[in-house]
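> need a 3D model of the sequence below.
(chains A, B and C)
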Amino acid sequence: MLSSLAPYLSNPRQTLAQVLNFALVLSTAFMLWKSLSVIADSPSPIVVVLSGSMEPAFQRGDLLFLWNRDKTAEVGEIVVYNVKGKDIPIVHRVVRSYAPLGVGADADASASPKLLTKGDNNVADDTELYARGQSYLDRKEDIVGSVRGYVPAVGYVTIMLSEHPWLKTVMLGIMGLMVILQRE
Amino acid sequence: MHNALNRLQATFGFFTSCAFTLALIIAVLSLIPIPASTSSPSASVAVRNVQVVKGRPHYYSPKREEYAQIRFDLNADLSSLFTWNTKQLFVYVTANYPNGKDGQGDLSETVIWDTIIPATSTPYSWQNLKQKYFPEKKKSNSKSRRDSNAKTKTTDLVKPGVLSLKNQKPKYQITDPSGVISERSNATLQVSWNLQPWVGSLVWDQGYLGQRIGKWNAGKAGRSEPFDFPPLKGTKTDTVKDKEGPRTPEAGSASPVIEI
Amino acid sequence: MSSSPQKVSLYSANDLKNATDDALTPYLTSLPKPYTFQQQHSTTNVRLALGYTAVIIAGVLFYADYKLGWNATKAYTGPACLAYFALNGALTYWIWAVEAGVVFVGTREGGQKLTLKSSTRKYDPTYKLKVTYEAPSGKKWEDKEIEGSFTQWFNTYGYLQKKDLQAWLANNIEVLGLAENEKEKASQGKKSTHSATTIPLKVDDGPEETKTETLSTATEPSAVLSTTSAKKGRSKKRT
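Purely as a prediction, here's the structure:
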């Protein structure tokens, strides 16, 4: 094992430079993703549609671009939200927005509108999907972003990667091999 | 190109960049109004009848809340929104009413009816080509009942996006979190649309892009006259035009709210 | 060289260039004593420093995000991204402008610096080497671009022939030509007695004369070393 490492150790700077190339590829991808997160102000600025509840608008595997800098979610907007306690974000349309109660002296300035969502392809609205005891969504707490842009079908790669996790390792391995062996 | 792997890599890389550039061009082009559109979307909506009844959200729920059913007329011409990059148009009618007393307060908005108008499929789409060269026996479309209500059959190749509804029954009966929706005043109906492209950004009628690209025709921006929610049915006589006269409340009025 | 000879693909100009570049350093650092070049790593060090700082920033951000989640790290993500791309930009600029294809930078005992920058065009088997040889005062003794074809030092099987590469370099770069002569003399000197003969030099210009002084003082140690260089000479003659 040491003998195979010897040509790399004898010229440490060159080895370091090649490892650096590989690391730069990975870290640039990660930092681009993070920059997009910062610009859109959302933890996940690009999502892949997993279910068919918004068909025929969004099919499985479509890529959605989110924007999270609006203070309110209007009726008719398509939002991505997380159900409290669950991991999977849901992409549905806002169908109801109730203004917070109270006018004048009663008004609670920090209250935000109550939102109800529904998938275009669903018969019922999302009340069943929300957490126990929760009947409405809150813009700040639950919503991850509002859909602004759309690219069809590109995200299918992500779906395949998540359903077959060994693909991820294979792809990363191939990429690494390419970068190290080619020195371009 | 000194080995096959290299060529494969180069081809794939080139394909990816080309596809990406093409998508970008499509997305940008569909937003720029060139050539300028000949017409603007227009719509008008009017209230026909409003009824407020007591009902339950689910058949097992103990809560009884007030639900309003608003029948309306809708005339809209949204065909100018169908461009080469339009995948579908989502049209929806909302009832907006102020939250406070006496018609003051912030607006609450609720969708009472919506429909999806897909763009006419191109004769070169996979389905159509298959149909042309490998015709199959006709299968009945089980979901067509939902669309027949809306009377917007999209096989109309000439003009998708023209809606003409009379005394349309709403899809959703609305309520308020407080449970009380009777006798709220200064409510309006509003027609809105959301255009979804094949590639690119989504456009709404309100807000920045909607104002720039699919600006409503002057005076026909799809807002109805203000109306008031009537008192709860059965307590006092209704005070809305098109009175239907007192009727015994049917058991059907208290059924689950969500129906197609 | 500890590794066995590598077979290089003859159809890739980039691979050929890389193989040639790799062969330069061992040759230049193993020249006979007065001509030996010490490789300077300052540009490489700066490049590695810039690169690894950026990678470390990305790594720390990744770890923090993994452990703490988006909300906790939101305040730091923005500045971290800016810092990363600034560093990346600086690195790119460094590689493009300052390094610009440098494959070897070395200094001799007298302080003279040799800089070699290599380049090759796609699908063109010409190897271009930009040579800069300057004195410590900054005066450039050589500043030219030499061209050679890869066919001159690669055989048809794809193996680099060191002798031919070294011959090409020595022909085109003066100081290396002198080093070659030195080697020849040293190997011949092994055959004859260990006498510190004055080595006939090519008399071109002044600086060579100053070099004789360093050479004459160095010939004694070189006589001691001649055994090793003679050994090298002998093995060279055999191949």
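
> for C:Gln6, which non-adjacent residue is spatially closest?
Nearest non-adjacent residue to C:Gln6, counting by Cβ to Cβ, 6 or more residues apart in numbering or on different chains: C:Ala19, 6.8 Å away. Glycine gets a C-beta too; all of them are placed from N, C-alpha and C.

> in chain A, which residue is closest to the centre?
Per Cα atoms, centre = their mean, the C-alpha nearest to the average position across chain A is that of A:Ser44, at 3.3 Å.

> excluding its backbone neighbours, what's nearest it?
A:Ser44 sits nearest to A:Val144 (Cβ to Cβ, 6+ apart), 6.1 Å away.

> doesn't that neighbour lie inside a strand?
Yes - under DSSP: H, G, I helix; E, B strand; the rest coil, A:Val144 falls within a strand.

> how near is it to C:Asn45?
44 Å (Cβ to Cβ, to the nearest Å).

> which one's more surrounded, those two?
A:Val144 (20 against 11; other Cβ atoms under 10 Å in any protein chain shown).

> near chain B, which residues of chain A?
A:56-57, A:65, A:74-78, A:93, A:95-103, A:113-114, A:120, A:123-125, A:127, A:135-136, A:147-152, A:178 (Cβ under 8 Å from any Cβ of the partner chain).

> just the residues you listed: which are in strands?
With DSSP state E as the criterion, strands contain A:65, A:78, A:93, A:95-98, A:114, A:147-151 from among those.

> which one of those is nearest chain C?
Closest to chain C out of these is A:Phe65 (17.2 Å), distances taken as Cβ to the nearest Cβ.

> beta partners for the closest one?
A:Ile46, A:Gly149 (DSSP bridges).

> domain-wise, how is chain A divided?
What automatic domain parsing lists as the domains of chain A is A:13-40+A:161-182, A:46-102+A:109-157.

> just checking, A:Leu146 touches A:Gly76?
Just so we're on the same page, residue A:146 is Ser rather than Leu. No - judged on Cβ atoms under 8 Å, A:Ser146 makes no contact with A:Gly76 at a distance of 10.6 Å.

> all helices for chain A, in order.
Secondary structure of chain A (DSSP state H): helices at A:2-10, A:12-40, A:139-142, A:156-163, A:166-182.

> export those helices to CSV and tack on mean pLDDT and mean neighbour count?
Formatted as CSV, the helices of chain A follow (pLDDT from 0 to 100; neighbours: other Cβ atoms under 10 Å in any protein chain shown):
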stretch, mean pLDDT, mean neighbour count
helix A:2-10, 62, 10
helix A:12-40, 89, 17
helix A:139-142, 80, 16
helix A:156-163, 76, 13
helix A:166-182, 76, 12
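
> need the residues of chain C near chain B, please.
Counting by Cβ under 8 Å from any Cβ, chain C sits next to chain B at C:9, C:11-12, C:15.

> just the buried residues from these, in PyMOL please.
Those of the residues of chain C next to chain B that count as buried under 16 or more other Cβ atoms under 10 Å in any protein chain shown are selected in PyMOL with:
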select buried, chain C and resi 12+15
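
> nearest to B:Asp77, of the residues of chain C next to chain B?
Among the residues of chain C next to chain B, C:Ser12 lies closest to B:Asp77 (Cβ to Cβ), at 62.4 Å.

> look up phi and psi at that closest one.
phi -110, psi 110 (degrees, to the nearest 10).

> could you pull out the strands for chain C?
So, for chain C - with DSSP E - the strands run C:38-39, C:102-107, C:113-119, C:126-134, C:140-149.

> how about the stretch 101-250 of chain B?
B:107-118, B:162-168, B:188-197, B:200-201, B:203-204 (DSSP state E, counting those that start in this stretch).

> do a quick rundown of the helices in chain C.
C:13-28, C:42-68, C:70-93, C:162-172, C:174-191, C:206-238.

> the shortest one packs against which elements?
The reference is to helix C:162-172. Applying 3 or more Cβ pairs under 8 Å, 6 or more residues apart in numbering or on different chains; DSSP states H and E, we find helix C:162-172 packed against helix C:13-28, strand C:140-149, helix C:174-191.

> can you list these in TSV and add mean pLDDT?
Shown next, in TSV, are the helices and strands packed on helix C:162-172 (pLDDT from 0 to 100):
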stretch	mean pLDDT
helix C:13-28	85
strand C:140-149	85
helix C:174-191	79
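
> now the ones you listed as a markdown table including distance to B:Gly200?
What follows is the helices and strands packed on helix C:162-172, written out as a markdown table (distance: least, Cβ to Cβ, whole Å):
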| stretch | distance to B:Gly200 |
| --- | --- |
| helix C:13-28 | 38 |
| strand C:140-149 | 50 |
| helix C:174-191 | 61 |
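
> quick one: which of these is nearest C:Ala49?
Ranking those by proximity to C:Ala49 (Cβ to Cβ) places helix C:13-28 first, at 20.7 Å.

> and the angle for the closest one with strand C:126-134?
Orientation check (axes from the mean of the first three to the mean of the last three Cα atoms, to 10 degrees): helix C:13-28 against strand C:126-134 gives 30 degrees.

> who touches helix C:13-28?
A:183-184, B:2, C:1, C:6, C:8-10, C:37, C:39, C:103-104, C:106, C:114, C:116, C:118-125, C:127, C:150, C:153-154, C:160, C:162, C:165-166, C:169, C:176 (Cβ atoms under 8 Å, 6 or more residues apart in numbering or on different chains).

> one more time with 7 Å, if that's ok
Outside helix C:13-28, the residues that touch it by Cβ atoms under 7 Å, 6 or more residues apart in numbering or on different chains are A:183-184, C:1, C:6, C:8-9, C:37, C:39, C:103-104, C:106, C:116, C:118, C:120, C:122-125, C:127, C:150, C:154, C:160, C:162, C:165-166.

> what's the answer for stretch A:38-46, then?
Counting by Cβ under 7 Å, 6+ apart, A:36-37, A:63-69, A:144-145, C:70, C:77-78, C:81 sit against stretch A:38-46.

> which of these count as buried?
Looks like the contacts of stretch A:38-46 have A:36-37, A:63-68, A:144-145, C:77, C:81 buried, using 16+ other Cβ under 10 Å.

> where does chain C dip in pLDDT?
Filtered on pLDDT under 70, chain C yields the residue ranges C:1-4, C:191-239.

> what residues go with each domain of it?
Each domain of chain C, as a residue range, per automatic domain parsing: C:13-37+C:108-238, C:43-99.

> ranges for the helices of chain B?
Under DSSP H, chain B gives helices at B:4-29, B:126-133, B:144-150, B:207-213.

> tell me the most buried of those helices?
Across the helices of chain B, the average number of neighbours (mean count of other Cβ atoms under 10 Å in any protein chain shown) peaks for helix B:207-213, which reaches a mean of 14.
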